[in-house]
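Participant: I'll drop the sequence and a predicted model, then ask my questions.
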Amino acid sequence: MSRHLFWLVVLSVTAAVAQAVTPGKLAIPGIQGGDDRTLVEGTDYPWGAIGRLNNTLGPFCTGTLIGPRQVLTAAHCLWNRRTRTWLPPCALHFVAGYQRGGHLAHSLVISYQLADGKGARKGLSGGPTQDWAVLTLADDLSGKVSPLPTLSLDGTSLQIYRQQGIFKQAGYSRDRPHILTRNNRCNIVGLASGDLIALHECDATFGDSGSPILLERDGTFHIVAMHVAINIRTGQGIAVTGKAFHERLRAMKTPVPSDKSIKACGIPSQDMASKASA
């Protein structure tokens, strides 16, 4: 599949506003056939590591804690389409285990790195294979939330994973913005772009950008891909695979937050946390 074709997709970022859905008429992009999403009523492992990524402009995405102060999300969630500039880090706030106004932990974002390991630059280059980023939080959340590890995913490992476990996806959708929803079982139907992109049938829609596709094996969970977009012609989900980010994440150095960088935000963290229930 060509890079040109991949950009015929809808990038899944949305305003944090619930929209009414007529019963029996789920005309929601990314919902493929019947709606297989279920509500996650608890914040036990692994769901507590998944959270809402809020920002001062209102739109939200989904992110996953992958280290004490690191969150994996979609890079386009950091792009302001109106001003065509990258959002400043302190406009972002991660709320882990968010459920109906409550949460397990939260923190301001003090910096982020894009797929090439650099800071924000002009425009998102490289297409969907580069549509991932790592956020650095002001606070260490590992005392309250268990980070989820990542795994690489390619054609060979996909066959093994299918035999050994189950793929699941979970995120914060536009039509259900105040509670995590999950697909208890969903298919990765193919790979593309040198195994850097996965095509999937998980029901993921606007707001689910940055949501993890998890491999569950014997009660343990690993992130093997991350949802970033919807094919507007087929409704099929598009995700960046672990092959794109797993090894790169291990090589990235995490910046150490300083009092200066935290104070530079000038936004009390509790104010940002309150936006989760807006």
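Facilitator: It's in.
Participant: Excluding sequence neighbours, find me the nearest residue to the residue nearest the centre of the chain.
Facilitator: Geometric centre of the chain, nearest residue: Gly210, 1.6 Å, by CA atoms, centre = their mean. Excluding its sequence neighbours, the residue lying closest to Gly210 (CB to CB, 6 or more residues apart in numbering) is Thr73, at 3.6 Å. In short, each C-beta sits where N, CA and C put it, glycine included.
Participant: Averaging pLDDT per element, find the lowest-scoring helix or strand in the protein.
Facilitator: Least confident helix or strand, the chain: strand 14-15 with a mean of 36, by mean pLDDT, DSSP states H and E.
Participant: Report the mean confidence score over stretch 116-136.
Facilitator: Per-residue pLDDT over stretch 116-136 has a mean of 77.
Participant: With stretch 150-159 instead?
Facilitator: On average, stretch 150-159 scores 98.
Participant: Restricting to C-alpha, output that stretch in PDB.
Facilitator: Extracted in PDB, the C-alpha atoms of stretch 150-159 (Å, rounded to 0.1, in the frame of the first residue of the first chain):
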ATOM      1  CA  THR A 150       5.800  -2.800  24.100                       C
ATOM      2  CA  LEU A 151       6.600  -5.600  21.700                       C
ATOM      3  CA  SER A 152       7.700  -5.500  18.100                       C
ATOM      4  CA  LEU A 153       5.300  -6.800  15.500                       C
ATOM      5  CA  ASP A 154       6.100  -8.000  12.000                       C
ATOM      6  CA  GLY A 155       4.800 -10.700   9.600                       C
ATOM      7  CA  THR A 156       6.600 -13.500  11.400                       C
ATOM      8  CA  SER A 157       5.600 -12.500  15.000                       C
ATOM      9  CA  LEU A 158       2.000 -11.800  13.900                       C
ATOM     10  CA  GLN A 159       1.500 -15.500  13.100                       C
END
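Participant: neighbouring contacts of that stretch?
Facilitator: 66, 72, 161, 188, 191, 195, 198, 215, 222-225, 241-243, 245-247, 249 (CB atoms under 8 Å, 6 or more residues apart in numbering).
Participant: For the stretch 101-250 of the chain, which segments count as helices?
Facilitator: In the stretch 101-250 of the chain, the segments counted as helices under DSSP state H, counting those that start in this stretch are 155-164, 242-251.
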